[in-house]
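1. for reference, the sequence and a predicted model appear below.
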Amino acid sequence: MKRLTKVVGFVGAAIALIWAMRDRFISVTTSREPEPPAFRTTSPAKSVDSIEGIGPVFAKRLTQAGLGDVAQLAVANPDRVAEAASVSAARARAWIELAQKL
């Protein structure tokens, strides 16, 4: 009976030691804390007046035509831009090229 008590005590102590040091034995690659929520961050749309050659007057005309930011201008049709801003098609193409670079 004494021998059984010693074996049970030894096994219990070994289990307690392993339980206390379980983080050392188990891979710590996965965190136990939940991941923080990922928020979508979008950069604010750049206004067309940030493009060289487009001042407040042309920016107002383009905004009224629905081309108020650089992304919209970059994919716009040159004829539509030229008509909206009352400029030549060559100048509209130049603005579109500058918008695509941004």
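-> Sure, I can see it. Residues are numbered from 1 along each chain as shown.
2. drop to CA atoms for contacts and neighbour counts, all remaining ones
-> Noted.
3. my guess is residue 49 contacts residue 59, does it?
-> Yes. Applying Cα atoms under 8 Å, one finds residue 49 in contact with residue 59, separated by 5.5 Å.
4. let me see the mean pLDDT of stretch 12-23.
-> For stretch 12-23, mean pLDDT is 81.
5. now it - C-alpha only, CSV.
-> Provided in CSV are the C-alpha atoms of stretch 12-23 (Å, rounded to 0.1, in the frame of the first residue of the first chain):
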residue,chain,number,x,y,z
GLY,A,12,0.5,13.2,-9.6
ALA,A,13,3.5,15.4,-9.1
ALA,A,14,4.7,14.7,-12.6
ILE,A,15,1.3,15.6,-14.1
ALA,A,16,1.2,18.8,-12.0
LEU,A,17,4.6,19.8,-13.2
ILE,A,18,3.7,19.1,-16.8
TRP,A,19,0.5,21.1,-16.4
ALA,A,20,2.3,24.1,-14.9
MET,A,21,4.8,24.1,-17.7
ARG,A,22,2.5,23.2,-20.6
ASP,A,23,3.2,26.5,-22.4
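6. what does it contact?
-> Taking Cα atoms under 8 Å, 6 or more residues apart in numbering as the criterion, no residue outside stretch 12-23 touches it.
7. list the buried ones in it?
-> By 16 or more other Cα atoms under 10 Å, stretch 12-23 has no buried positions at all.
8. so how far is it off the chain centroid?
-> In terms of Cα atoms, centre = their mean, to the nearest Å, the centre of stretch 12-23 is set 44 Å apart from its chain centre.
9. thank you kindly, that will do.
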